[in-house]
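Trainee: Based on what follows, work out the 3D shape:
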Amino acid sequence: MGTVVPLALSSTTAHAGVPSAEATQHTVDGLAASGVFRPSEPDDGTGPDWLSTAIGAHNGDVLIVMTPGTDDGTLYPRLRGFRTGDKPTYIIDYPESIGPIIGGRSDAALPIFAPTYDQSRDVAITKNLAAMRAFATQQGANPFVVYTGYSQGAEALGNAAEQAVAANEDGPSIDVERSHIVLISDPRSPWGLKAWAADHAAVAGLMEMFGAESNGARDPEATGDLPVTSVIVVGDPVANFQWASSRPVSSLLVNAAGFITIHTGLGEQNYGNLIDYSQEPTVLRSADGNTTYLVYTPKHHPLTALAVLVNSRLGIAVDDDDVARWDSVNNAFYPLQAPGVQNAAVDVVDPTAAARMAPTDLPSSASRAAAENTETPVPATLSSDTEESVGEQQLDAVQPSTRGRHRAPEQATTPPTLPTTSPAAPTVGSPQITDPASQSPAGPQAPAGPQSPAAPPTQSDGPRHAAQTRPDAAEDGAAKDGAASEGGRHAVTGQGRHAAENTENAA
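Mentor: Model prediction:
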């Protein structure tokens, strides 16, 4: 993949030249002595170079500063893809807790005594700010530092980056030219849990009762020219929350399956092995600031992945035909709402849409003028080969924005006709749906067939909070054409995230 396009020099950039290994080691030693860093053990070696595929190659030495998630189970698998080439790696030391539920590394005797989510996160913010300031002001040239965080750590790092950029006006707090922020499964992504909760007052109030503020989606403009890459896996409820107001129990079930199989790392594909995903990520860009969104699509629907996980733990053999059948039914039962342009909580653009819209014949003078006046931001981190492969996965066009930041478009849309296939339970698979007249996810009792494993079809690029409008009720009749996947991967099938609310408004 290509390299990152260099930014204009910032007024806060300090100490140009070749970084001094001695000065950098002195900075690291000081941060470790003050309790900012903890040892990055166990060290299970390095893996394929995922980092360069995500942010581009860099000349010279690169340091990795990682902020783990809550009781992070995929920390060291993720580290393997960052420290290829023996990149020095340092871990922010903070509680990693969500009191009173998870004690993390807080040393609390019981989780009830552990720091709350916000208290734990704020410790990580403070320590990230200390590391950013130390590297930005060390003697000699500054090293290139990749700061990365996961889940709670991603929110902490993103918040710290916003504060550091704002503080640069009063003195060097982060070297914008020699830093890159990588947020993995950020709860404040434009499609994440906190973006959804901000639009649901009761949920926001409940979160705050448990010590987690409802601060909505992240504003990309707050980090200015600082390059930020946000990594999202479709179906992970922390960064890509699924919701249909007419199907609350089904939505929560799919989110639970995604959390277990994707976010915790127990499933076949998760954030610990992004380099192994066979499909290139979809690339989106923030309209403001300098944020790139990389959206990865796993092979299987979360309900299918959960069924495979449960069967494997019980020692029950599952073949490819079983998995393909479960995927087909689960995809029809609950198509995933993938991140897209129109279902984002902040203004997002598709950098490849304008190129795909260009006519094959010579354009007219009017169309040439329109093309010349259309700004087409190209992700700085991708090569032409990657752009071509990703472009085939993108949405059909960039729609004009009709919303303010952190808000969704309010127009009503005509809901898509959704499949009526009745899902059935696997051998030991997805749990039954308990909402009224609901259907069960897929299982081996469904008709068998020689199908290849089918990834869940997804919905994207519709109004935010758009989703399936079919309630959880059994319906007779055949599924509409294209509603169920017979072997494809997360095909875009609908109007986007959380459509039910907008549909109700239209009614």
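Trainee: C-alpha from now on. contacts and neighbour counts both.
Mentor: Fine.
Trainee: residue ranges with poor pLDDT in this structure?
Mentor: Counting by pLDDT under 70, the ranges of the chain that qualify are 1-19, 41-45, 59-60, 354-507.
Trainee: How are the strands of it distributed by residue range?
Mentor: Along the chain, counting by DSSP state E, strands occupy 37-38, 62-67, 89-92, 144-150, 179-184, 228-233, 282-286, 291-296, 336-337, 348-349, 458-459.
Trainee: Can you add mean neighbour count and give those strands back as CSV?
Mentor: Formatted as CSV, those follow (neighbours: other Cα atoms under 10 Å):
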stretch, mean neighbour count
strand 37-38, 19
strand 62-67, 23
strand 89-92, 21
strand 144-150, 24
strand 179-184, 24
strand 228-233, 25
strand 282-286, 24
strand 291-296, 23
strand 336-337, 34
strand 348-349, 25
strand 458-459, 26
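Trainee: what does the longest helix anywhere in the chain rub up against?
Mentor: Counting residues, the longest helix in the chain under DSSP state H turns out to be helix 117-136. With contact meaning Cα atoms under 8 Å, 6 or more residues apart in numbering, helix 117-136 is reached by 13-14, 24, 27, 31, 36, 67, 92-99, 142-143, 152-153, 155-157, 159-161, 164, 172-175, 210-213.
Trainee: Buried members of these into PyMOL, please.
Mentor: In PyMOL, this line selects whichever of those come out buried by 16 or more other Cα atoms under 10 Å:
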select buried, resi 13+14+24+27+31+36+67+92+93+94+95+96+97+98+99+142+143+152+153+155+156+157+159+160+161+164+172+173+174+175+211+212+213
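Trainee: For this protein, which segments count as helices?
Mentor: Remark: helices assigned in the chain by DSSP H are 21-33, 50-55, 75-82, 117-136, 152-167, 193-197, 201-209, 248-258, 302-313, 320-333, 353-357, 365-372, 384-391, 499-506.
Trainee: and the ones you listed, which is most packed in?
Mentor: Most buried of the helices of the chain, by mean neighbour count (mean count of other Cα atoms under 10 Å): helix 320-333, with a mean of 28.
Trainee: which helices and strands does it pack with?
Mentor: For helix 320-333, the elements it packs on are helix 302-313, judged by 3 or more Cα pairs under 8 Å, 6 or more residues apart in numbering; DSSP states H and E.
Trainee: what angle sits between the helix it packs on and helix 320-333?
Mentor: With axes from the mean of the first three to the mean of the last three Cα atoms, to 10 degrees defining the directions, helix 302-313 sits at 150 degrees from helix 320-333.
Trainee: helices and strands around helix 302-313, which ones?
Mentor: helix 248-258, helix 320-333.
Trainee: Now do the shortest one: which elements does it pack against?
Mentor: Meaning helix 248-258. In terms of contacts (3+ Cα pairs under 8 Å, 6+ apart), helix 248-258 is packed against helix 302-313.
Trainee: angle of the helix it packs on against helix 248-258?
Mentor: For helix 302-313 against helix 248-258, the angle by the same axes, to 10 degrees is 50 degrees.
Trainee: How much space separates residue 335 from residue 101?
Mentor: According to Cα to Cα, to the nearest Å, residue 335 and residue 101 sit 31 Å apart.
Trainee: and these two? which has more neighbours close in?
Mentor: residue 335 (28 against 16; other Cα atoms under 10 Å).
Trainee: quick one: which of the helices and strands packed on helix 302-313 is nearest residue 348?
Mentor: Closest approach to residue 348 among the helices and strands packed on helix 302-313 is made by helix 248-258 (23.7 Å; Cα to Cα).
Trainee: mind checking how far residue 162 is from residue 129?
Mentor: According to Cα to Cα, residue 162 stands 10 Å off from residue 129.
Trainee: for residue 276, that is, sorry about that
Mentor: Residue 276 is 33 Å from residue 129, where distance means Cα to Cα.
Trainee: you'd agree residue 339 is up against residue 240?
Mentor: Yes: the criterion here is Cα atoms under 8 Å, and residue 339 meets it with residue 240 at 6.9 Å.
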